[in-house]
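Asker: structure for the following, please:
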Amino acid sequence: MHGSFPELGSGESGEGGQGATPVGIRSTRRGRGVKHQHRMPFGAELVPDGVRFRLWAPKAREVAVALPDAIHATGGQPLYPMQRAEGGWFALTTGAAKAGSRYQFAVGNLLVPDPASRHQPDDVHGPSMVIDPGAYDWSQVAWRGRPWEEIVIYELHVGTFGETGDFAGVERHLDHLAALGVTALELLPIADFPGARNWGYDGVLLYAPDSRYGTPDDLKRLVEACHARGLCLFLDVVYNHFGPDGNYLSVYAPSFFTSRHETPWGAAINFDGADSRTVRDFYIENALYWLEEFQLDGLRFDAVHAIVDDGVPNILAEIAETVRRRIPPSRHVHLILENDRNQAHLLSRREGARGDAVPLYTAQWNDDVHHALRVVTSGQTGGYYADYADAPAAHLGRALAEGFAYQGESSRHRGGERRGEPSTRLPPTAFVSFIQNHDQVGNDAFGRRLQHLAPPPAVRAAAATYLLAPQIPLLFQGEEWGADRPFAFFCDFGAELGEAVRNGRRREFARFPEFADARRREEIPDPTAPATFEAARLDWSRIAQPPHAEWLRFYRELLVLRARTIVPRLPGIGGQAGSYRVLGDKAVEVRWTLADGAQLTLLANYGAAAIERRAAPVPGAVIFTTHPGGENPPLLLPYSVTFFLAEPSAA
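Answerer: Presented below is the predicted three-dimensional model:
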């Protein structure tokens, strides 16, 4: 309970007020299994007398609960007036509603969904549904998650990953993922979005899994199916904006937003102005909701550089501190950032702490590794790749050895703005590396994957680099078998908004020389067309065909090697573990001292020409090479990667 939910009138159950019993997790044994429920201080909660409804609507004069399923003598939709309380809150407890009841809030003449709805069976503009979290029997009682050092993440989009485009479709391929060697799934955002298809970043009802993917219980079944196979399940959450269609908060709670700050999507979320306590609690409760009621193993926080908060503590710190305080230490729960600012202080470690025992955030997506690898493998230098074009091997070496390539240096792409903080004191495991993800594939105008932009030997070299380095690896759906389906941006908006999105997408690429011609821009896939979504769906019938089977074998072998040789040496690894040396424009040598004192060395040449290496032989035994027989060569062959491991005594 965070202090913004006052005592309500005598018609209320009394939960959540000052001095009242705090809201939060309730785990009980009842019936056949364990029950997990996050008791929310707003929305619809089952109580002994029926259902308790709460809505924060400071601009509204009157609010009522509409129950379209209830029997009404006049044949109209019954309205149940809510009691106004201090601070802009409205509340009602009524026996006319129960689990499964559909409801809306009547604000003036407008019917709106519950912003804390657990389920939206009829999309974002329709009624919400009362859900009983205690109706689900959890069978995975002993699961406590996995230590961070063991994590290999697999990012997927529920709607395009499986054949059926839902949670059940993901479950059908869990055995494949377990056999691959990944240990965690990361779902792109599932918060209810408008229409039938969306990347997930246009969600407007943050507590409701999109009904096209399934019910809340369907998501819980997926969680349990993952845990039964030793797989963690993470969720991408978006706390920097709402989507453009279906968010009614500005109508009855305009102070949820602020014009004092701007974001790429317009007015910012009000995290630091008047009424911001209620807004902050809405997001803190959301993080706890996913971790407690759904027993998720971690959250990935989207684009936190777009969250503007001048308050103390910053909302990012308060979310993390609350999660660390509320989740028992017996559970491994991981919090991951996407943060273009490269703010190393959010990843700080306690002295001697392992990956799980962190004050705030476990790790950050490391765009610097991706961008440098993209430049050395594909030769791309436009857009944000310009920041890596001058010395790609140096940027890559620094990112692999020290964490960030940009640790306070000026960014040409950002007009000379300084970017990042020193990161050498952080362990390699504070960073998540990748060569594909939804952003980096989708940021291409046609949604092309790396294998469409770089030769296969270069892609193999990049894959071996990030899968065996001490940073935490992340794969994007289908990457492991060289899936060639694109992943261009897609959505399903109405005609007017859809036209604006379509034109905006094409304007976005007009500044690139290859799209200077308007006719060329017309070839960019229409985000609103069903065909763009269908093209992104994985074709699982091809996984056993060449060359996909060979790619899958390659990835499996690398992940087996990582689990057997690298992972056991990561717990306890400290900062300043890496060093690097540039060997050529596209060649680098990186060394890491692992937790047990062993030394891991990477020799890599991502270019098409051989590179002469004038140095003493690398200590240790070869544990992987793309070119067998070339150990400690005087020449680094084209597209070659070799990893050496020297045991502590030899190192």
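Asker: centre of the chain to stretch 328-344, how far?
Answerer: 11 Å (CA atoms, centre = their mean, to the nearest Å).
Asker: report the central residue of this protein.
Answerer: Asp236 (2.8 Å; CA atoms, centre = their mean).
Asker: now do it against Ile151, distance only.
Answerer: Using CB to CB, to the nearest Å, Asp236 is found at 15 Å from Ile151. In short, each C-beta sits where N, CA and C put it, glycine included.
Asker: also Glu163?
Answerer: 27 Å.
Asker: more crowded one of these two?
Answerer: Ile151 (28 against 14; other CB atoms under 10 Å).
Asker: check contacts around that one.
Answerer: Listed by CB atoms under 8 Å, 6 or more residues apart in numbering, the contact set of Ile151 reads Thr183, Ala184, Cys232, His334, Ile472.
Asker: export those residues as CSV, with columns for pLDDT, distance to Leu79 and secondary structure.
Answerer: CSV is the format used below for these (pLDDT from 0 to 100; distance: CB to CB, whole Å; DSSP: H, G, I helix; E, B strand; the rest coil):
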residue, pLDDT, distance to Leu79, secondary structure
Thr183, 98, 50, coil
Ala184, 98, 46, strand
Cys232, 98, 44, strand
His334, 98, 44, strand
Ile472, 98, 52, strand
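Asker: just to revisit the earlier point, adjacent strands (with direction) for the strand or helix carrying the residue nearest to the centre of the chain?
Answerer: Under the criterion of DSSP states H and E, Asp236 resides in strand 232-237. Strand pairing for strand 232-237, using DSSP bridges, gives strand 184-187 (parallel), strand 298-301 (parallel).
Asker: then it to PDB, C-alphas only?
Answerer: Provided in PDB are the C-alpha atoms of strand 232-237 (Å, rounded to 0.1, in the frame of the first residue of the first chain):
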ATOM      1  CA  CYS A 232      11.500 -18.700 -16.800                       C
ATOM      2  CA  LEU A 233       8.900 -16.300 -18.200                       C
ATOM      3  CA  PHE A 234       9.500 -12.600 -18.500                       C
ATOM      4  CA  LEU A 235       7.100  -9.900 -19.700                       C
ATOM      5  CA  ASP A 236       7.900  -6.700 -21.500                       C
ATOM      6  CA  VAL A 237       5.900  -3.800 -19.900                       C
END
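Asker: what sits up against it?
Answerer: 145-146, 151, 153, 183-191, 200, 206, 222-223, 226-227, 286-287, 290, 296-302, 332, 334, 336.
Asker: try stretch 623-639
Answerer: 455, 457-458, 460-461, 464, 468, 558, 561, 565, 583-584, 587, 603-614, 617-618, 622, 640-645.
Asker: one more: stretch 390-401?
Answerer: Against stretch 390-401 from outside (CB under 8 Å, 6+ apart): 366, 368-369, 371-373, 375-376, 387-388, 404-405, 433, 465, 469, 471, 578-592, 602.
Asker: could I have that stretch exported to PDB, CA atoms only?
Answerer: Listed next in PDB are the C-alpha coordinates belonging to stretch 390-401 (Å, rounded to 0.1, in the frame of the first residue of the first chain):
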ATOM      1  CA  ASP A 390      34.300   5.600 -37.300                       C
ATOM      2  CA  ALA A 391      35.800   2.700 -35.300                       C
ATOM      3  CA  PRO A 392      33.400  -0.200 -35.200                       C
ATOM      4  CA  ALA A 393      36.000  -2.700 -33.800                       C
ATOM      5  CA  ALA A 394      36.900  -0.300 -30.900                       C
ATOM      6  CA  HIS A 395      33.200   0.200 -30.100                       C
ATOM      7  CA  LEU A 396      32.600  -3.500 -30.100                       C
ATOM      8  CA  GLY A 397      35.600  -4.300 -28.100                       C
ATOM      9  CA  ARG A 398      34.700  -1.800 -25.400                       C
ATOM     10  CA  ALA A 399      31.100  -2.900 -25.300                       C
ATOM     11  CA  LEU A 400      32.000  -6.500 -24.800                       C
ATOM     12  CA  ALA A 401      34.800  -5.800 -22.300                       C
END
